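Chemist: With the sequence up front, the predicted model follows.
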Amino acid sequence: MKVLIADKFEQAGLDGLEAAGCDVLYQPDLKDDALTQALQQSGAAVLVVRSTNVTGPMLEASALSLVVRAGAGYNTIDVATASRCGIYVSNCPGKNAVAVAELAFALLLALDRRVPDNVRDLRAGTWNKKEYSKARGLFGRTLGLLGYGNIGQEVAKRAHAFGMPVVVWSRRFAEGGAGEEAGALPFAVAKTPQEAAERCDVLSVHLALTKETRGFVDASIIDRLRPGSYFINTARGEVVDYAALERAVRERHIRAGLDVFAAEPKEATGAMADSIVSLPGVYGTHHIGASTDQAQDAIAAETVRVIASFKDTGKVPNVVNLAKKTPATHMLVVRHHDRPGVLAHVFLNLRAGSINVQETENVIFEGAEAAVARINLDAAPPPALLKQIQDGNRDILDLQLVTI
């Protein structure tokens, strides 16, 4: 199986793919037209990317069966086109959660103790213990979390270690309780993100970027923060209304720790023109939340696992673009002798009746003499068609039609 890697990737991951029997093409600088051309010429079945954009035309012009995002978010991949082309899209969820949580807490501690300002003055030869002795401390202050996925849970663990009460808003909780995700960690659940902002001293954002979350953290949430509160974003810049955040920093003395921004440079190095980074009380890092050696090794290992599973079994872990619910309305249950041509006979008759098979499963009984097939259909076969299927093959033992 040929695997094209179009981003930087750990050597351990390259070695792992080769050990799994993959033909690896490592070209980490590919993008845009060069990536399209490489996909066409290589005939690669698998593409591995990190931040590189994977567009619809790239997918349509390729022979790909699988795209793996070596990370958690997959907003840089045209998932809709991949689904239309029958291309799996997979990711590596949770493998960078600890790294991002560590940075979120680093930003929080830096805000509270003004670490960057301390360093700046020391490097300038200024000693100002009187000024920098002023700090609130984190113990007993409430941390609000918007989102409670893998990263949010890791942040909550660290908050509890610091003695900080936690209040969480998550869409999954709004739809029916905290569930098992809470584990052994106590936290309060806010009914709305606005309520979470009102109840906390620190608000930390951990929402994936989707159509629904783009610009989600807007003035209606940010303006509910008490003056002087802290705001942390290590998720995606596009999730937050940065104009509203900038106003809150200027007018209400909100302090912000940001790893992501509204308009980041496309290249790894370049000029940064976002006005919010120049404001006093705003500390920033360079979108490095997942960039620890530990996280990158874990992501590489998970990428290898996904591809090796696909190569060896045809099954893809962590798929993000399979239908949660198909158009199937009925299930045809077929008990039959385990003989060649039985299911082909069933499918041919369904096709003749213009009935589409959505999903199918064929389970073999012990001894391999008989089997049962469960076939999900987008419509109910009429009685005449069912009789034709039943009578047309002597190895069919029984038919049952179930509404689903």
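Modeler: On my side now, so go ahead.
Chemist: how near is the closest residue to L4 other than its chain neighbours to D395?
Modeler: Spatial nearest neighbour of L4, excluding adjacent residues (Cβ to Cβ, 6 or more residues apart in numbering): A44 at 3.9 Å. The way it works is simple: take the backbone N, C-alpha and C, and place the C-beta from them, glycine included. According to Cβ to Cβ, to the nearest Å, A44 and D395 sit 42 Å apart.
Chemist: Those two: which has the busier surroundings?
Modeler: Neighbours per residue (other Cβ atoms under 10 Å) separate A44 from D395, with A44 holding more: 24 against 14.
Chemist: Now do G215 against R236, distance only.
Modeler: 11 Å.
Chemist: before we move on, back to that, let me see the contact set for the residue nearest to L4.
Modeler: K2, V3, L4, L25, A38, S62, A63, L64 (Cβ atoms under 8 Å, 6 or more residues apart in numbering).
Chemist: Which positions are bridged to the third one in the beta structure?
Modeler: It refers to L4. L25, L47 (DSSP bridges).
Chemist: Go through this protein and flag its longest helix.
Modeler: In the chain, assigned by DSSP state H, the helix with the most residues is helix 293-313.
Chemist: ok, G289 touching V98?
Modeler: No: the criterion here is Cβ atoms under 8 Å, and G289 misses it with V98 at 10.6 Å.
Chemist: which one of the two has more residues nearby?
Modeler: Per other Cβ under 10 Å, whichever of G289 and V98 has more neighbours is G289, with 24 against 20.
Chemist: For G215 and R236, work out which one has more neighbours and name it.
Modeler: R236 (21 against 13).
Chemist: Could you measure from the residue lying closest to the more buried one once chain neighbours are set aside over to Y74?
Modeler: Of all residues not flanking R236 in the chain, L209 sits nearest, at 4.1 Å (Cβ to Cβ, 6+ apart). As judged by Cβ to Cβ, L209 and Y74 stand 9 Å apart.
Chemist: So for those two, which sits in the more crowded spot?
Modeler: Shown here are L209 and Y74; by other Cβ under 10 Å, Y74 has more neighbours (24 against 18).
Chemist: mind checking the SS state of the more buried one?
Modeler: Three-state call for Y74 (DSSP: H, G, I helix; E, B strand; the rest coil): coil.
Chemist: Make sure it is actually in contact with Y88.
Modeler: No: the pair Y74 / Y88 is not scored as a contact, 11.6 Å apart, by Cβ under 8 Å.
Chemist: For the stretch 201-350 of the chain, which segments count as helices?
Modeler: Along the stretch 201-350 of the chain, the stretches classed as helices by DSSP state H, counting those that start in this stretch are 219-222, 242-252, 293-313, 342-352.
Chemist: What's the separation between the residue nearest to P265 when sequence neighbours are not counted and R236?
Modeler: Spatial nearest neighbour of P265, chain neighbours left out: M272 (6.4 Å); criterion: Cβ to Cβ, 6+ apart. According to Cβ to Cβ, M272 stands 17 Å off from R236.
Chemist: pLDDT below threshold where in the stretch 201-350 of the chain?
Modeler: The model of the stretch 201-350 of the chain has no residue with pLDDT under 70.
Chemist: Then the stretch 51-200 of the chain?
Modeler: In the stretch 51-200 of the chain (pLDDT under 70), the answer is 175-185.
Chemist: Break down it into its strands, ranges please.
Modeler: 66-69, 88-90, 143-146, 166-169, 188-189 (DSSP state E, counting those that start in this stretch).
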